[in-house]
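[1] Sharing a sequence plus its predicted fold:
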Amino acid sequence: MTKKIDTSLECLRSLEVRIGKKHLEDADWSIVESLVSNFIAKQENRIARLHENSTALESANNSKNPPDADSSNPEASISDPKSDSHYDDNDNHDGNLDGSCNSDKNPSNSKNPPKNGNKKPKGHGRNSSSDFKESTHLWHKLANIIGAICACGSGRMTRYRERIVIRVIGQPIFAAEQHHCEQARCKICGRVVTAALPTGTLDGLGKAVTYDWSACAMLLVLHYFYGMPFKRLETLHNSWGIPFADANQWHIARESMILLRPLFDALARHAIQNGLDLRMDDTGGEILTLRRQINAELAAAKALGLSEDDVRRGINASGFYINTEKEKILLYFTGRHHAAEVLRKLLIHRLSDSPKMNKVTDGASKNFDASLAHHFVEGACNVHAFLKFEGIKQQYPEEYAVVGEAYHNIYKQEQIAVDHNLTPAARLLLHQQKSTPWMNKIREMCQEKIAKRLVEPRSPLWEPIHFFINQWWRLTKFLETEGMPLDTNVCEQSLIAPVRYLAASFNYQTETGAETGDQAMSLIATARANGAEPFAWLTHCLKNHQDLTLNPENYLPWVYRDQMKTKNEVKLEPPPKLHLSEVNWKAPISPP
């Protein structure tokens, strides 16, 4: 029972000083007793609440799944959900927790393809000439050789397969052209006539110097996705004799993203309107103007004697990984918010009659909003649950072994679903039959620890068990809902883009800079995820920015990818065949 402490804050501060000096007065012991009693009561309440949750979970589970002879044994024989398929538990599928078994990956790229008796031939590790799609092709012809008598004196030379030599050359990232235009001037009236420039020479951004659309696209890719700071690019190009000041780079990047803003808006609308599943997460960000504002608010709160806990200090880079029926869309937002608040704003584009979207997060309470429940089927990340046990494996190896074995087998089933390209319904059935016993095994271990009072709030084991029991309904949504992802791995991996930028440039100066960077990263990451080359795609979009403003849906990366599929195939014609009249039949070939 909680005891009331009848004392002032000043007395408690004096008590703290005396405790530090290890010199307590007689009147202090009643306060210390009350504090300890209250702490004990608080811990007992936490244990009681968790015990109630565990009991309720067990009761609900028993009413939902009556016990049978085999349900308690994860390794019991379970009927195959797809009897005419070739997969079973004996297939060599090494499921793991690093994202390699994620259902977003193409089955053809799996490390363990289905066993069909055909092994991929072992290669030599070198790139073939066809891999150099954007290379310049130069033809070198033989002079008076085809049809001539060989140096051996016996045969004639006929056309043979060509030899291809590949040479990679170094060059500055940005190249400059100087167009010298001849001019004429009338000595009487002063009229000046200038030679015309080739079509497209002045297409791009800038006044005194024109930056071609390709230079604008390259700058966006290098700076915002690959993390090359403006100052570093300036230094490099100054040494190469091509000045490109960092202030000019920012101007070009900002103006380019203003032109591409309709494309970003169309991308976000398409993701929210057509999304089937959504994963989101936050990582740290930094915006100098916001940081100064936060520091000013903290100073004002301190001056007024208000609690500094009421001042919001966090600046987050929020990432979203959204799957539609055929596309993958990545969105980034940096600011004084967290992902759930950004999601609320995005949902204004979601149609009211749209089906619920599968949503998976890390289980933090900030990511769940009851007012948005009608939009989502909420799930929690199973990798987060596993990592909580992995963090204490040295102290609790037995508990970690149980969880590790269970998740190894669960992800093994996920890998089978990926390798065999199962439909969402077939994947759900597979997990229901083969993953449910393993999830139950972890739950039973956690409930046993709670029932026997083998864990308490001060124990390192408390947090993993507390998370698993409290998040059980969300962790097991992949056993109830078609297409529900197991984890947020792909979303967390996608956050490498803002992390890499922060590591190289340290911060954004302003919120405008953060908005520009987020939109550029979103476009580039989405293009890469859908098989469109970002540099070529952004160049295409910038060249057609006027039409893009009116019809942004026609410039989405998967639309561009499909349009360019046939054009990207390099079709090279061999040199024309020589006519008989062009062949020097009598000319022998001199020996080398």
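    Everything's here; your move.

[2] okay, CA-based contacts and neighbour counts for the rest of this
    OK.

[3] Shouldn't P198 be within a strand?
    No - checked against DSSP: H, G, I helix; E, B strand; the rest coil, P198 lies outside a strand; its state is coil.

[4] Backbone dihedrals for it, please?
    phi -60, psi 150 (degrees, to the nearest 10).

[5] Tell me which helix or strand comes right after the strand or helix carrying R49.
    Element membership for R49 (DSSP states H and E) is helix 28-64. Per DSSP H and E, the first helix or strand lying C-terminal to helix 28-64 is strand 183-185.

[6] Which other helices and strands does that next one contact?
    Other elements packing on strand 183-185 under the criterion 3 or more CA pairs under 8 Å, 6 or more residues apart in numbering; DSSP states H and E are strand 192-194.

[7] who's in contact with the strand it packs on?
    Contacts to strand 192-194, defined as CA atoms under 8 Å, 6 or more residues apart in numbering, come from residues C181, E182, Q183, A184, R185, C186.

[8] From E177, how far out is the closest residue to the second one other than its chain neighbours?
    Spelled out, that is E182. Spatially, and ignoring its direct neighbours in sequence, E182 is nearest to A195 (5.4 Å; CA to CA, 6 or more residues apart in numbering). A195 sits 16 Å away from E177, taking CA to CA, to the nearest Å as the criterion.

[9] likewise R156?
    Following CA to CA, the distance that separates R156 from E177 is 49 Å.

[10] who has more neighbours, these two?
    Each of R156 and E177 has its neighbours counted (other CA atoms under 10 Å); R156 has more, 16 against 8.

[11] Any idea what the more buried one is bridged to?
    I149 (DSSP bridges).

[12] Quick one: residues contacting it.
    I146, G147, A148, I149, C150.

[13] Provide a list of residues in contact with the residue nearest to the spatial centre of the chain.
    Note on the chain: the residue nearest the mean C-alpha position is S494, at 1.7 Å, using CA atoms, centre = their mean. Shown in contact with S494 (CA under 8 Å, 6+ apart): G319, Y321, L330, A525.

[14] Okay, it and I465: tell me how far apart.
    29 Å.

[15] again, but for L233
    Taking CA to CA, one finds L233 at 50 Å from I465.

[16] Those two: which is more packed in?
    I465 (23 against 20).

[17] my guess is that one meets E448, correct?
    No - with contact defined as CA atoms under 8 Å, I465 does not reach E448; the gap is 10.5 Å.

[18] Check for me that A373 belongs to a helix.
    Yes - judged by three-state DSSP, A373 forms part of a helix.

[19] ok, it - how many residues close by?
    11.

[20] what does G513 give?
    G513, neighbours per other CA under 10 Å, totals 16.

[21] Just the element for it, please.
    helix 511-529.

[22] and for that helix, what are the contacting residues?
    Counting by CA under 8 Å, 6+ apart, 220-221, 224-225, 253-254, 257, 261, 264, 287, 289-290, 328-335, 494, 497-498, 508, 533-534, 537, 557-558 sit against helix 511-529.

[23] Apply 6 Å and report the result again.
    For helix 511-529, contacts defined as CA atoms under 6 Å, 6 or more residues apart in numbering pick out Y224, F225, I329, L330, L331, Y332, F333, Y508, P534, P557.

[24] again with stretch 164-182
    So stretch 164-182 is in contact with T194, A195, going by CA under 6 Å, 6+ apart.

[25] How about the contacts made by M280?
    Neighbouring residues of M280 by CA under 6 Å, 6+ apart: G319, F320, T361.

[26] surely D212 meets G206?
    No - between D212 and G206 there is no contact under CA atoms under 6 Å: 8.9 Å.

[27] neighbour-wise, which of the two wins?
    Neighbours per residue, other CA under 10 Å: of D212 and G206, the larger number sits with D212, 20 against 14.

[28] coming back round to it: what residues of the helix holding R49 count as buried?
    Within helix 28-64, the residues scored as buried using 16 or more other CA atoms under 10 Å are I31, V32, S34, L35, N38, I47, L50, H51, N53, S54, L57.

[29] Low-confidence regions, the protein specifically.
    Applying pLDDT under 70 to the chain picks out residues 1-9, 61-124, 566, 568-592.

[30] quick one: which of the contacts of M280 is nearest A300?
    Checking the contacts of M280 against A300 with CA to CA, the nearest one is G319 at 31.9 Å.

[31] and the residue lying closest to the closest one once chain neighbours are set aside, what element?
    Ranked by CA to CA, 6+ apart and with sequence neighbours excluded, the top spatial neighbour of G319 is Y332, at 4.7 Å. In this structure, Y332 sits in strand 328-335 according to DSSP H and E.

[32] hang on, M357 packs against D277?
    Yes - look at M357 against D277 with CA under 6 Å: they come within range, at 5.3 Å.

[33] any idea how far stretch 248-255 is from the chain center?
    How far stretch 248-255 lies from its chain's middle: 26 Å, per CA atoms, centre = their mean, to the nearest Å.

[34] In three-state terms, label the residue lying closest to W473 once chain neighbours are set aside for me.
    Leaving out its chain neighbours, the residue that sits closest to W473 by CA to CA, 6+ apart is G379, at 7.8 Å. Secondary structure, three-state DSSP: G379 is strand.

[35] is it fair to say N358 lies in a strand?
    Yes - counting by three-state DSSP, N358 is part of a strand.

[36] Please name the nearest non-neighbouring residue to it.
    N358 sits nearest to D277 (CA to CA, 6+ apart), 4.3 Å away.

[37] quick one, phi psi at that neighbour?
    phi -140, psi 150.

[38] cool, C150 as well?
    phi -70, psi 160.

[39] got the angle between the helix or strand containing L298 and strand 328-335?
    Using DSSP H and E, L298 sits in helix 288-303. Interaxial angle of helix 288-303 relative to strand 328-335 (axes from the mean of the first three to the mean of the last three CA atoms, to 10 degrees): 40 degrees.

[40] one step back: what separates the residue nearest to E182 from H179, distance-wise?
    From A195 to H179 the distance is 10 Å (CA to CA).

[41] and what of V559?
    From V559 to H179 the distance is 36 Å (CA to CA).

[42] Who has more neighbours out of these two?
    More crowded of V559 and H179, by other CA under 10 Å: V559, with 13 against 9.

[43] picking that back up, okay, the contacts of R156 in TSV with distance to I416 and neighbour count next?
    Formatted as TSV, the contacts of R156 follow (distance: CA to CA, whole Å; neighbours: other CA atoms under 10 Å):
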residue	distance to I416	neighbour count
I146	56	20
G147	58	20
A148	61	18
I149	62	20
C150	60	18
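
[44] Kindly indicate which of those lies nearest Q394.
    I146 (74.7 Å).

[45] Who are the contact partners of that closest one?
    M157, T158.

[46] circling back to that earlier point, what residues does the strand holding Y332 touch?
    For strand 328-335, with CA under 6 Å, 6+ apart as the criterion, the contacting residues are I315, N316, A317, S318, G319, F320, Y321, I322, D518, S522, T526.

[47] Excluding residues flanking it in the chain, which one is nearest C491?
    Y321 is the one closest to C491 (CA to CA, 6+ apart), at 5.3 Å.

[48] how many degrees apart are the helix or strand that neighbour falls within and helix 511-529 in direction?
    If you go by DSSP H and E, Y321 is part of strand 316-323. Relative orientation of strand 316-323 versus helix 511-529 (the same axes, to 10 degrees): 30 degrees.
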